[in-house]
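A.B. asks: Mind folding the following:
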Amino acid sequence: MITSAPLSALHGFGIGHAQVEDALSGCTAIVCPQGATGGVDVRGGAPATRETDLLKPENMVQQIHAIMLSGGSAYGLACADGAMKALAENGIGFELAGSVVPIVPAACIFDLPLCAGQPPCAQTGYDACINALSSLDNPSALDALAQGNVGAGTGATVGKFAEPYRAMKSGFGWSCLQYGELICAALVTVNALGNVRNAQGAWISGVRDNNGDVINPLETFMAGQAYMSAAEQTPTSNTTLGVVLTNASLTKAQATKVSAQVHDAYARAIMPVHTLNDGDAIFTLSSNEIPATPDAVGALANQAMQEAIVNAVTHAKGVFGIPAANELPDPPVNPLMNS
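C.D. replies: Next up is the predicted model:
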């Protein structure tokens with residue numbers, strides 16, 4: 001039986017948020033001080049990433065020490081510098097030439113319209129990493145990890161293929177599931193061009209019509225291209241960033257394959273997805289504790305990621321007149337839902 005599990009059930013991973021004071025942006029650090037096998041799959045046409053090439057199976061580095069998700073567009077990639085500093089101060093990283101070199105891949109979302117010209121920086125990344133390291137010794141705090149307008153999801157929005165005032169607030173979400181000994185957690189920052197739907201197929205967040213109701217994006221695209229023309233004027237403005245954490249034993253190639261499989265959850269929960277205006281990416285980190293097939297990990301992680309995406313929008317709070325899903329009436333079930 002598949003059951004929900006606390007994040008603390010996964011050993012060796014710490015997670016922490018930090019926000020930019022007086023701005024709607026921030027970052028989220030996922031740390032693995034003992035090192036973890038990592039893989040990544042990038043599907044969107046406008047990624048903003050750092051150190052993802054080293055995760056390719058054919059490249060030398062076999063373990064990484066943290067993942068940094070941030071707002072601030074390309075400026076936010078500097079958060080990884082702060083994470084490296086925090087990890088090095090704690091002696092975490094590869095020992096090379098008398099120094100410690102932490103490996104910290106990173107990816108960011110575009111939230112500049114909401115971050116008031118103050119994107120997260122190295123100090124923000126440092127603070128998030130310190131919070132993540134602290135969570136390793138505080139399971140109750142890890143299990144209560146905040147969702148919504150926090151960390152890398154602070155300035156996230158969805159439904160941006162129309163005029164800006166029709167978008168909705170999104171954020172950061174997570175879900176952790178267990179089947180037998182296998183545990184998979186999914187963490188995600190949802191800043192998608194498209195709409196988000198729940199497991200019942202209802203559109204719960206995204207582009208709104210003049211009555212404030214969420215529009216079925218398929219109908220919108222079929223009706224005309226006016227909204228897409230507006231989106232095409234603002235490239236690189238959207239991204240959904242996910243991280244899968246698991247206790248399964250995986251190689252780099254297998255972790256990369258799991259990342260590819262879990263993009264199915266994006267496709268089930270977000271429409272449209274993986275567009276030229278999105279930088280969608282999924283990282284997978286394995287602590288290598290129990291044997292499990294990559295397909296089993298992918299299947300469980302898919303379910304966790306779909307739940308995490310819904311949590312990201314349902315835990316968000318409206319800002320500056322941009323409403324969140326919990327401020328709208330319950331939507332009807334979408335008859336076009338594909339299970």
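
A.B. asks: so where's this protein uncertain?
C.D. replies: Applying pLDDT under 70 to the chain flags residues 219-237, 330-339.

A.B. asks: Can you give me the neighbour number for His11?
C.D. replies: 11 (other CB atoms under 10 Å). C-beta coordinates here come from the backbone N, C-alpha and C atoms, glycine included.

A.B. asks: Thought Ile290 was touching it, still the case?
C.D. replies: No: using CB atoms under 8 Å, His11 is not in contact with Ile290, being 10.8 Å away.

A.B. asks: Now list whatever residues contact both of the two.
C.D. replies: Shared contacts of His11 and Ile290 (CB atoms under 8 Å, 6 or more residues apart in numbering): Asn247.

A.B. asks: so is Ser259 in a helix, a strand, or just coil?
C.D. replies: Here Ser259 is recorded as helix under DSSP: H, G, I helix; E, B strand; the rest coil.

A.B. asks: Enumerate every residue touching Asn302.
C.D. replies: By CB under 8 Å, 6+ apart, Asn302 lies in contact with 261-262, 264-265.

A.B. asks: what about it, helix or strand, and which?
C.D. replies: For Asn302, the element it lies in under DSSP states H and E is helix 294-314.

A.B. asks: The stretch 151-300 of the chain: strands as residue ranges?
C.D. replies: 157-158, 168-169, 172-179, 182-191, 195-197, 203-205, 239-248, 270-271, 281-290 (DSSP state E, counting those that start in this stretch).

A.B. asks: which residue is nearest the middle of the chain?
C.D. replies: In the chain, the centroid-proximal residue (CA atoms, centre = their mean) is Val188; its distance is 2.6 Å.

A.B. asks: And the helices in the protein?
C.D. replies: Counting by DSSP state H, the chain has helices at residues 79-89, 122-135, 139-143, 217-223, 226-232, 252-269, 294-314.

A.B. asks: Dump those to TSV, plus distance to Ala324.
C.D. replies: TSV is the format used below for the helices of the chain (distance: least, CB to CB, whole Å):
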stretch	distance to Ala324
helix 79-89	25
helix 122-135	23
helix 139-143	24
helix 217-223	18
helix 226-232	21
helix 252-269	16
helix 294-314	7
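
A.B. asks: closest one to Phe320 among those helices?
C.D. replies: Of all the helices of the chain, helix 294-314 sits nearest to Phe320, with 16.9 Å by CB to CB.

A.B. asks: Off-centre distance for that closest one?
C.D. replies: In terms of CA atoms, centre = their mean, to the nearest Å, the centre of helix 294-314 is set 11 Å apart from its chain centre.

A.B. asks: repeat for stretch 12-28
C.D. replies: Relative to the chain's own centre, stretch 12-28 is displaced by 12 Å; criterion: CA atoms, centre = their mean.

A.B. asks: Could you list the buried residues of that stretch?
C.D. replies: Using 16 or more other CB atoms under 10 Å as the test for burial, stretch 12-28 gives 12-20, 23-28.

A.B. asks: Now do the end-to-end distance for it.
C.D. replies: 17 Å (CA to CA, to the nearest Å).

A.B. asks: what's the answer for stretch 105-119, then?
C.D. replies: Using CA to CA, one end of stretch 105-119 lies 18 Å from the other.

A.B. asks: quick one: that stretch to chain centroid distance?
C.D. replies: 14 Å.

A.B. asks: which residues touch Met60?
C.D. replies: Leu54.

A.B. asks: Check the gap between it and Thr246 for me.
C.D. replies: 23 Å (CB to CB, to the nearest Å).

A.B. asks: Grab the longest strand from the protein for me.
C.D. replies: For the chain, the longest strand by residue count, based on DSSP state E, is strand 26-42.

A.B. asks: strands paired with it, and their directions?
C.D. replies: strand 14-19 (antiparallel), strand 64-70 (antiparallel), strand 281-290 (antiparallel) (DSSP bridges).

A.B. asks: JSON lines for these, including distance to Asn302?
C.D. replies: Formatted as JSON lines, those follow (distance: least, CB to CB, whole Å):
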{"stretch": "strand 14-19", "distance to Asn302": "20"}
{"stretch": "strand 64-70", "distance to Asn302": "19"}
{"stretch": "strand 281-290", "distance to Asn302": "10"}
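
A.B. asks: All set, thanks.
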